[in-house]
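Enquirer: my questions are about this predicted structure, shown below with the sequence.
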Amino acid sequence: MQISENSLNSWILVYNVSPQTQLITINQLTNFGQIQRFYKPSGNLLFVKFQQPISAEIAIMKRTLTITDKHTVGMTPITREIEERFPDLQSIVHTNTYDDTQIAVYPENKQPKLADGFFSKIKDIIFG
């Protein structure tokens, strides 16, 4: 069974993702839009689902993303060949329940907030 193109238009395949750069890669991808899910089957591949299809399109048009000075990842749409190589992708795309060891939900792209009174406590310590 083939996955319909409509169900894949929010998904991209990111390649050359090492275990050391996986979280940095996901964080950098949030510059394109909110990430809903990701799936890392093995090796250096990472499937990413954006909330909006336009975010996936923008990432695909960019084609590469520099993660560190020495590490770049590539982004591509999910083709029929990719779909056939990863049969688990069909069930992942069409189900709402996921195996937590392979699927993770990435939170909304929000800046961390400082605890109330943090700066006032520091100011009190420094300036008395």
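Expert: That came through fine.

Enquirer: contacts and neighbour counts: CA atoms only from here.
Expert: Noted.

Enquirer: what bridges to Ile35?
Expert: For Ile35, the residues forming beta bridges with it (DSSP bridges) are Phe50.

Enquirer: how close does it sit to Gln51?
Expert: Note on Ile35: its distance to Gln51, by Cα to Cα, to the nearest Å, is 6 Å.

Enquirer: please identify which of the two sits among more neighbours.
Expert: Each of Ile35 and Gln51 has its neighbours counted (other Cα atoms under 10 Å); Ile35 has more, 25 against 15.

Enquirer: just checking, that one touches Lys49?
Expert: Yes. Under the criterion of Cα atoms under 8 Å, Ile35 is in contact with Lys49, at a separation of 5.9 Å.

Enquirer: would you say Thr25 is within a helix?
Expert: Yes. With DSSP: H, G, I helix; E, B strand; the rest coil as the criterion, Thr25 is part of a helix.

Enquirer: burial check on it, number of neighbours?
Expert: Per other Cα under 10 Å, the neighbour tally for Thr25 reads 20.

Enquirer: so what's it closest to, chain neighbours aside?
Expert: Ranked by Cα to Cα, 6 or more residues apart in numbering and with sequence neighbours excluded, the top spatial neighbour of Thr25 is Ile67, at 6.3 Å.

Enquirer: host element of the one you found?
Expert: Under the criterion DSSP states H and E, the helix or strand holding Ile67 is strand 64-68.

Enquirer: could I get the average pLDDT for that strand?
Expert: Within the predicted structure, the mean pLDDT of strand 64-68 is 94.

Enquirer: partner strands of that strand and their direction?
Expert: When pairs are called by DSSP bridges, strand 64-68 turns out to pair with strand 71-76 (antiparallel).
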